[in-house]
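Enquirer: give me a model of this one.
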Amino acid sequence: MKRISNQEIKLSEMYTVYWEYVEKAKGYVQERGNSEFGEGSEGNATPRIWKMYGAVPYSAYTGLKETQKYPDHSDMFSEMKNYLKSVKQNNAWNEGEVVSTIKSILNHYLGAPPQKFNYDGKDYTPEEFFTNVMKLNLDDYVDVLSIMQPGYFDKVEYEVPDNWWHSSDYCNVPLDIFMNGIKNAVKNGYTVCIGGDVSEPGYDGEYEVAVVPTFDIPSEYIDENARQFRFSNRTTTDDHGIHVVGYKDDGSKMWFLIKDSGAGSRNGNNKGYYFYDEDYVKLKIMDYMVHKDAIPEIMEKFKK
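Expert: Below you'll find the predicted structure:
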């Protein structure tokens, strides 16, 4: 929105989270308990939910109780998970009843999301706010993946638990094209939503960096095979989504400035920020979502 219409609006993350949980509960019932109901999701869950439910500013819905400073969903998630476990055990697949119960749990911890609110002196529904104020074309945002298994230059399903609705809209490309897409995007002023593995020995919150230790693999050996090997044997997982907001080129490689909402990112001096070594992104970041105009070379390959 800043880039397209020069608006700086603090949006409500928890409004999107609320409806994502509702949709997950529906999927859980429809799949008779075989659909993932976890705390995470993929980057493209956000435009998916916005298309369905609209969006709201933070001022209209914080998702926090009056005395609460920071989100903590441990009790809320545990309650929902235990409830759905009982649904499965009792074969109680009434979707309306399940969704109603999940909503009541969410309402208790987050508050009920607004159906109408005032912003800058005008009343909006969430759908009206998204259409008339945010003014984003969500079809302009695309997902890029680099895995060897399905074949390159096809749209494929990203087969990880957080892609619980089985989206098959991921543009799968070779690793060099994948990396060039991220580099060119940030160099040209775009930010990039990336997803991958942050549970690594080279990930250090105190020093605010993520690197690939040489005892894992030397830089010159990081290629598609090294990446695929780790993804296939599950030593690389998709456990976090983060936001590339800048970069530094030191002459030999790029360092990506990462904005991170995770609690571990508060351990250093620059709260919420890391630098990821280019090698780390190359080996451990599996996918990204970005505006299509940022990656014209990739879009050219997927014209048909």
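
Enquirer: residues of the helix or strand hosting K183 that come out buried?
Expert: Assigned by DSSP states H and E, K183 belongs to helix 175-187. By neighbour count on 16 or more other CB atoms under 10 Å, the buried set for helix 175-187 is 175, 177-179, 181-186. C-beta here means a position set from N, CA and C on the backbone, and glycine is covered the same way.

Enquirer: could you single out the nearest of these to D162?
Expert: Nearest to D162, judged by CB to CB, of the buried residues of helix 175-187 is F178 at 18.9 Å.

Enquirer: just for this structure, where's the confidence low?
Expert: 304 (pLDDT under 70).

Enquirer: may I see the buried residues of the strand ranked longest in it?
Expert: The residue-count maximum for a strand in the chain (DSSP state E) belongs to strand 240-249. Using 16+ other CB under 10 Å as the test for burial, strand 240-249 gives 240-242, 244, 247.

Enquirer: ditto for stretch 261-280
Expert: In stretch 261-280, counting by 16+ other CB under 10 Å, buried: 265, 268, 273-280.

Enquirer: can you pull the contacts of M148?
Expert: Counting by CB atoms under 8 Å, 6 or more residues apart in numbering, M148 makes contact with 224-225, 228.

Enquirer: inside helices: which ones of the buried residues of stretch 261-280?
Expert: Residues of the buried residues of stretch 261-280 located in helices (DSSP state H): 278-280.

Enquirer: who does the residue lying closest to V209 once chain neighbours are set aside form a beta bridge with?
Expert: Once flanking residues are discounted, V209 sits nearest to F275: 5.3 Å by CB to CB, 6 or more residues apart in numbering. Beta-bridge partners for F275, by DSSP bridges, are V209, L257.

Enquirer: for the remainder of this discussion, apply numbering that starts at 25.
Expert: With the count now opening at 25, the last piece we talked about shows up as F299.

Enquirer: please verify my assumption that F299 contacts K283.
Expert: No - because the distance of 11.3 Å does not satisfy CB atoms under 8 Å, F299 is recorded as not touching K283.

Enquirer: ranges for the strands of the protein?
Expert: Counting by DSSP E, the chain has strands at residues 141-143, 146-148, 165-169, 178-180, 194-196, 216-220, 227-228, 233-234, 264-273, 278-283, 297-301, 309-315.

Enquirer: got the buried residues for stretch 44-55?
Expert: The neighbour-count check on stretch 44-55 (16+ other CB under 10 Å) flags 44-53 as buried.

Enquirer: I would like the residues contacting that stretch, please.
Expert: 59-61, 65, 69, 73, 76, 104, 108, 111, 117-119, 122-123, 126-127, 130, 188-189.

Enquirer: one step back: helices or strands up against the longest strand of the chain?
Expert: In terms of contacts (3 or more CB pairs under 8 Å, 6 or more residues apart in numbering; DSSP states H and E), strand 264-273 is packed against helix 199-211, strand 216-220, strand 278-283, strand 297-301.

Enquirer: to E152, which of the ones you listed lies closest?
Expert: E152 lies closest, by CB to CB, to one member of the helices and strands packed on strand 264-273: strand 216-220, at 25.1 Å.

Enquirer: relative to the closest one, what are the paired strands and their orientations?
Expert: strand 264-273 (antiparallel), strand 309-315 (antiparallel).

Enquirer: follow-up on the earlier one: among the buried residues of stretch 44-55, which are in helices?
Expert: Those of the buried residues of stretch 44-55 mapping onto helices are 44-53, per DSSP H.

Enquirer: for S256, which non-adjacent residue is closest in space?
Expert: Nearest to S256 is Q173, by CB to CB, 6+ apart, at 7.7 Å.

Enquirer: what residues are up against the residue lying closest to E248 once chain neighbours are set aside?
Expert: Counting by CB to CB, 6+ apart, L199 is the residue found nearest to E248 once chain neighbours are left out, at 4.7 Å. By CB under 8 Å, 6+ apart, the residues touching L199 are 170, 247-248, 251, 306.
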